[in-house]
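Undergrad: model the structure of this input:
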Amino acid sequence: MFTIAALYHFTRIGDPAALKPALVALCAAEEVKGTLLLANEGVNGTIAGPRKGIDAVIAHLRSLPGCADLEWKESTSAQPPFGKMKVRLKREIVTMGQPDVDPRARVGHYVKPQDWNALISAPDVAVIDTRNAYEVAIGSFDGAIDPKTESFGDFPAWWEENKAQFEGKRVAMFCTGGIRCEKSTNYLLSQGVEDVYHLKGGILKYLEEVPEPDSKWHGACFVFDNRVSVEHGLREGPHLLCHGCRRPLLPSDTNRAEYEAGVSCHLCIDETSAEDKARFRERQRQMTLARLRQA
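TA: Numbering: from 1, shown residues only. Next up is the predicted model:
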């Protein structure tokens, strides 16, 4: 059984590159795989491995200056969620493209999963899903507004175009694990919105702690690993990934005429050129050969 840890922490890191070698070495030694992002504003990522390895990496991260309060959310998988380990240096640990946004200064009011239902049921509360459209497509909270953004960096423009409809409302926001809401609530506060709330621990914490009969969540939650989606209790969802466009699909979608493994699905068949598809087919062929050699 593999332990999966989803984590983020905003703190000032003067030289992120200096932290990379030790992290790479530790993850390799402990057989931990996944992705960690390092930037001047902090650390973000999801990693998976044996219990001992995850404990070692978390302990190392929490020993870094300013990271003692780093929190993480755990789940498990019977299969390896990641194929390799990547430690990457970034400008932002979650890209919003707003240089004045600083979650360390202030964020919205945290709402525990047990209190979330009451908040989003209130008539004066507007609920906004800050995730991308392909994530929202497979699951969300009852009554949540979908901005239909292709990336988190599109959110500020969407807000500017739609902010009038939220006048006089309290705004409740949520995302997968909480990191996007750290920035989006700070952004709304800077735009003069007074009452801003966000789900502490994100959807993952809600699905872990709120019993399914009491839940206002419907569908599955997209996750950025080989499980593709999770449902209540963080059990693995039914989705698989189109490796042409990286969008989640249901198994029945693979029976559609537009689906070609590793190349296209009904969502992206018209989005890529013949040259793109030829390249994807070659990639798929190489992956198949690699699996056969390992068998």
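Undergrad: was I right to think A39 contacts K90?
TA: Yes: with contacts defined as Cβ atoms under 8 Å, A39 counts as touching K90 at a distance of 4.6 Å. In this view, the C-beta of every residue, glycine as well, is placed from N, C-alpha and C.
Undergrad: how about the helices in the stretch 1-150 of the chain?
TA: Assigned by DSSP state H, counting those that start in this stretch, the helices in the stretch 1-150 of the chain fall at 16-29, 51-63, 113-121, 133-136.
Undergrad: same for the third one, what does it pack against?
TA: Yep, that's helix 113-121 we're talking about. Using 3 or more Cβ pairs under 8 Å, 6 or more residues apart in numbering; DSSP states H and E as the contact criterion, the secondary-structure elements in contact with helix 113-121 are strand 170-174, strand 196-199, helix 202-209.
Undergrad: using a markdown table, lay out these together with mean neighbour count, mean pLDDT and distance to H109.
TA: Supplementary listing: these in a markdown table, determined by neighbours: other Cβ atoms under 10 Å; pLDDT from 0 to 100; distance: least, Cβ to Cβ, whole Å:
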| stretch | mean neighbour count | mean pLDDT | distance to H109 |
| --- | --- | --- | --- |
| strand 170-174 | 24 | 98 | 9 |
| strand 196-199 | 24 | 98 | 5 |
| helix 202-209 | 21 | 97 | 15 |
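Undergrad: and the ones you listed as TSV, adding distance to L7?
TA: Compiled in TSV, the helices and strands packed on helix 113-121 are given as follows (distance: least, Cβ to Cβ, whole Å):
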stretch	distance to L7
strand 170-174	18
strand 196-199	17
helix 202-209	11
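Undergrad: gap between the nearest residue to N40 once chain neighbours are set aside and D253?
TA: Nearest in space to N40, with sequence neighbours left out and distances taken as Cβ to Cβ, 6 or more residues apart in numbering, is I13 at 5.6 Å. Between I13 and D253 the computed distance is 41 Å (Cβ to Cβ, to the nearest Å).
Undergrad: more neighbours, these two?
TA: Neighbours of I13 and D253, each counted by other Cβ atoms under 10 Å, are more numerous for I13; the result is 21 against 17.
Undergrad: could you work out the end-to-end span of stretch 234-250 for me?
TA: Looking at stretch 234-250, the gap from its leading to its trailing residue is 18 Å under the measure Cα to Cα, to the nearest Å.
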